[in-house]
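Participant: Generate coordinates for the sequence data below:
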Amino acid sequence: MPNTSKRPTAKRPTPAAPVSPVAIPEEREPRGARRKRETRARLLEAALRLMAEKGMEGVAINEITEAADVGFGSFYNHFESKEAIYATLVDNVFENFADTLDRLAVGVSDPAEVIAVSVRHAVMRARRDPVWGRFLIREGFSARAISRGLGQRLLRDIGAGIAAKRFVVADPFIGFLSVGGTVLSAIAAELNFVAPGAPAAGVLEKLGFTGEHFPERTAAMLLQTLGLKRAEAEKIAARPLPLVEEAIEAD
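Facilitator: Take a look at the predicted model:
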């Protein structure tokens, strides 16, 4: 006879519950450190606005702290003097931007194109950040600016062009002054006449001028000043710009 007894049914294993990933807490910046960093940034931003307008000598520390909405005594937790915050601003405006220009020129072998790229980016940066541009105009020929940062890079790049026989410049220092002075003048024109919403935007048209392709035109004229023929200078100045993310630091 067949065995009619029921065999015990094997139990299926219960699926294991999914294991939740262990939450790894993000490393957070301590509140005190964050506040200190934010306060320093506000002081630098306020000092840049004020010194771009009135120069270092025309600005008092209490003006900076009031504009930054920071207690007067807190200033000295970050900077030992007005001269110290000014020096930091010069480094931010001149050194950091000079480093950016060096990164832009990494793949550029022609000294003429290096100058063109630098000039165009300087004018374009001033349009994006007028306060930066006005500080550059005010301090562009200060001793600190000429002896380091943009000044040193410009002297180096002009010297490289002379050595490569791309530039015909009898006096490198006068060439440096000519290029630097024209760039600062171009930035002033950009901020006052060319940029959208500039205070005197209609003046150019009344004089019969146009602000179209202003950075390229500035670069082309400077290359001609350095000895290039007009056609070649304009061709170089119109080449596509290398792009690089600009580092903006408050240190």
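
Participant: so residue 48 touches residue 131, yeah?
Facilitator: Yes: taking contacts as CB atoms under 8 Å, residue 48 lies within contact range of residue 131: 5.9 Å. C-beta here means a position set from N, CA and C on the backbone, and glycine is covered the same way.

Participant: Those two: which has the busier surroundings?
Facilitator: residue 48 (23 against 17; other CB atoms under 10 Å).

Participant: Just the pLDDT at that one, thanks.
Facilitator: We have a pLDDT of 94 for residue 48.

Participant: Which strand or helix spans it?
Facilitator: helix 31-54 (DSSP states H and E).

Participant: Can you give me the buried ones in that helix?
Facilitator: 39-40, 42-52 (16 or more other CB atoms under 10 Å).

Participant: mind putting those residues in a markdown table, distance to residue 225 included?
Facilitator: Compiled in a markdown table, these are given as follows (distance: CB to CB, whole Å):
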| residue | distance to residue 225 |
| --- | --- |
| 39 | 45 |
| 40 | 41 |
| 42 | 41 |
| 43 | 40 |
| 44 | 35 |
| 45 | 36 |
| 46 | 38 |
| 47 | 34 |
| 48 | 31 |
| 49 | 33 |
| 50 | 34 |
| 51 | 30 |
| 52 | 27 |
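
Participant: got a list of contacts for the helix holding residue 48?
Facilitator: Helix 31-54 has contacts (CB atoms under 8 Å, 6 or more residues apart in numbering) with 29, 58-59, 63-65, 67-70, 74-75, 77-79, 85-86, 88-89, 92-93, 131-132, 134-135, 138, 250.

Participant: Got a PyMOL select line for the buried ones in those residues?
Facilitator: Only the buried entries of these go into this PyMOL selection, using 16+ other CB under 10 Å:
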select buried, resi 59+63+64+65+67+68+70+75+78+79+85+86+88+89+92+93+131+132+134+135+138+250
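
Participant: Name the residues of stretch 146-163 that are buried.
Facilitator: So stretch 146-163, judged by 16+ other CB under 10 Å, has buried residues 146, 149-151, 153-155, 157-159, 161-162.

Participant: Most widely separated two among these?
Facilitator: The span of the buried residues of stretch 146-163, defined through CB to CB, is set by 149 and 162 at 20.9 Å.

Participant: Can you give the domain ranges for the protein?
Facilitator: With automatic domain parsing as the criterion, the domains of the chain are listed as 32-80, 88-237.

Participant: I'm done for today, thanks for sticking with me.
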